[in-house]
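Undergrad: this is a predicted model, with the sequence first.
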Amino acid sequence: MTFYLLANHLLNFVAPAAFLALLMVGLSALLPFSKSKAGGKAARLSSPGWHLQLALVFAVNLLVTVCGLVVFGHDGRLLTYAAMALAAALVQWLLLRGWKV
């Protein structure tokens, strides 16, 4: 396998995790519990910055993708993508402290 093919496979393996992380963090400002009650600010003061949220959600997504590869023997299973979406939503909810609505 050439370097180009290896890089292409790795980027295609990582792309769903990165896209979902960008989408989850980008759209999290629309969630009702991401808004502060005082002043109507877009994010709470106690929640981490968007770059840390993006890094953590991406890391969890990548971990779920690798676990799906190990369990199923190859990537791209729909169950892996569903687990990745649930894990990303859970991590974002925890980072935004969604239980304190």
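TA: Arrived safely, thanks for sending. Residues are numbered from 1 along each chain as shown.
Undergrad: how near is residue 71 to residue 79?
TA: Between residue 71 and residue 79 the distance is 9 Å, computed by CB to CB, to the nearest Å. Where you see a C-beta, it was placed from the backbone N, CA and C, and this is true even at glycine.
Undergrad: let me fix that: residue 69
TA: In this structure, residue 69 lies at 12 Å from residue 79, with CB to CB as the measure.
Undergrad: of the two, who's got more company?
TA: Set side by side, residue 69 and residue 79 give different neighbour counts by other CB atoms under 10 Å, the larger being at residue 69 (15 against 10).
Undergrad: how about the helix or strand that that one is a member of: buried residues?
TA: Remark: residue 69 resides in helix 50-72, with elements defined by DSSP states H and E. Of the residues in helix 50-72, 53-54, 56-58, 60-62, 64-65, 68 count as buried by neighbour count, 16 or more other CB atoms under 10 Å.
Undergrad: and those as JSON lines, adding pLDDT?
TA: Formatted as JSON lines, the buried residues of helix 50-72 follow (pLDDT from 0 to 100):
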{"residue": "53", "pLDDT": "93"}
{"residue": "54", "pLDDT": "94"}
{"residue": "56", "pLDDT": "96"}
{"residue": "57", "pLDDT": "96"}
{"residue": "58", "pLDDT": "97"}
{"residue": "60", "pLDDT": "97"}
{"residue": "61", "pLDDT": "97"}
{"residue": "62", "pLDDT": "97"}
{"residue": "64", "pLDDT": "97"}
{"residue": "65", "pLDDT": "96"}
{"residue": "68", "pLDDT": "95"}
